[in-house]
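Enquirer: just coords:
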């Protein structure tokens, strides 16, 4: 091939790539089995609030040189990661895989854990969930805290790859209680060899973060407690951040069984530690547990939303916010009549504050739509939690709404 032909071929290839970046992303059609889904309602309202995020996604798609962090906060609907794993993998396949992101050793804390990573320890750790504020341990980024006085303790973390995405990591950030009584931590590789010590963050002055790096990507590592001084007597861990150093999306999930807005706003370190994730978008998916209570009041619920939003906004002034209404479910043997009230309150808050909102409840039928979930075998026997298929449906519906909003932004983006 002559030099001229090579140049022409490269030019054509470059133009093709540039043109394809601005083309609409392909979006899977909704599952036709679920006729109760209202496709015309499945939109991100006030998506203009997310213009900054959409521009970053466009730049990532075009230049492949940046990392975008998305943090979704919720309750038991998120703890198992069924919904968010769909969203994470869909977005990462479109925009790149920046890593597994935040993980919390939930199994070590004796509660259920996402299916796509595994924590373990041969030692006894005390634990606390944010829904028990009167227990003594502080709560940080993960909504669940583990603690031990054993100077020999350790925890292992193993990530499980998706069919097409590698969740190996070569950089680990540890969220922990860092004071004069706190143990140090070492990072061991999959063979049990010490790779390095965790060094407290000095770049961004996050006193609750220590960082360690691995010589190559791995899917398994161990964090080993190390006593380094006479005053040290305990280890308190809030979560771990797993990164691979590649451009793309990192999708962090914080989900705690039974959680409400108030539990996160009352958590001692939660909002403060979210800023270390540098979130470009914060998604809040709460309201089921508030609506389950007999004393649910819309004004009180609105105030709880306002308080958590204020805290998160103060720590993350450049982040976009997207609120999600809870889908309908049952309370005992009848559809929960307070869930529509919760959804209307969330929508009103987002509207009042010019924020984005995704109305999952409206998308799937609105008021009294719980029987639709039940009839289609999308609810579990407790009537509150959804089947795996139900959560997959929710994840796919969100991705459709989100990617449609991205396509609309790109189509109207001034060159």
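Expert: Received, thanks. Please read all numbers here as calculations on a predicted model, not as lab measurements.
Enquirer: And the strands in the stretch 301-415 of the chain, which stretches?
Expert: In the stretch 301-415 of the chain, the segments counted as strands under DSSP state E, counting those that start in this stretch are 320-324, 330-331, 334-335, 356-358.
Enquirer: okay, these in CSV with mean neighbour count next?
Expert: C-betas here are computed from N, CA, C, even on glycine. Output for the strands of the stretch 301-415 of the chain, formatted as CSV (neighbours: other C-beta atoms under 10 Å):
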stretch, mean neighbour count
strand 320-324, 24
strand 330-331, 18
strand 334-335, 14
strand 356-358, 24
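Enquirer: Not counting residues beside it along the chain, what's closest to residue 187?
Expert: residue 212 (4.0 Å; C-beta to C-beta, 6 or more residues apart in numbering).
Enquirer: related to what we said a few turns ago, quick one: closest of the strands of the stretch 301-415 of the chain to residue 40.
Expert: strand 356-358 (14.1 Å; C-beta to C-beta).
Enquirer: which strands and helices sit next to that closest one?
Expert: The elements that strand 356-358 packs onto, with contact taken as 3 or more C-beta pairs under 8 Å, 6 or more residues apart in numbering; DSSP states H and E, are strand 44-45, strand 320-324, helix 339-352, helix 388-411.
Enquirer: Just name the most buried of the ones you listed.
Expert: strand 320-324 (a mean of 24; mean count of other C-beta atoms under 10 Å).
Enquirer: Run a quick neighbour tally on residue 377.
Expert: 10 (other C-beta atoms under 10 Å).
Enquirer: Give the full set of residues in contact with the closest residue to it other than its chain neighbours.
Expert: By the measure of C-beta to C-beta, 6+ apart, the closest residue to residue 377 outside its immediate chain neighbours is residue 387, 6.4 Å from it. For residue 387, the contact set (C-beta atoms under 8 Å, 6 or more residues apart in numbering) comprises 377, 378, 379, 380.
Enquirer: can you redo those residues as JSON lines with pLDDT?
Expert: Converted to JSON lines, the contacts of residue 387 look like this (pLDDT from 0 to 100):
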{"residue": "377", "pLDDT": "96"}
{"residue": "378", "pLDDT": "97"}
{"residue": "379", "pLDDT": "97"}
{"residue": "380", "pLDDT": "96"}
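Enquirer: Buried among those residues? Make that a ChimeraX selection.
Expert: Here is the ChimeraX command that picks out the buried ones among these, judged by 16 or more other C-beta atoms under 10 Å:
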select :378,379
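Enquirer: Nearest to residue 97 among the contacts of residue 387?
Expert: Checking these one by one against residue 97 (C-beta to C-beta), the nearest turns out to be residue 378, at 28.8 Å.
Enquirer: And the closest residue to the closest one other than its chain neighbours, how far from residue 162?
Expert: Leaving out its chain neighbours, the residue that sits closest to residue 378 by C-beta to C-beta, 6+ apart is residue 390, at 3.4 Å. Distance, residue 390 to residue 162, by C-beta to C-beta, to the nearest Å: 20 Å.
Enquirer: and if you look at residue 122?
Expert: Distance from residue 122 to residue 162, counting by C-beta to C-beta: 28 Å.
Enquirer: Ok, residue 121 next?
Expert: As judged by C-beta to C-beta, residue 121 and residue 162 stand 25 Å apart.
Enquirer: Three-state assignment for the residue nearest to residue 187, please.
Expert: strand (DSSP: H, G, I helix; E, B strand; the rest coil).
Enquirer: give me the number of residues near it?
Expert: So residue 212, with other C-beta under 10 Å, has 19 neighbours.
Enquirer: Which parts of this protein are helices?
Expert: Using DSSP state H, the helices found in the chain span residues 3-21, 51-63, 76-79, 82-95, 261-266, 270-274, 288-292, 298-315, 339-352, 360-363, 370-375, 388-411.
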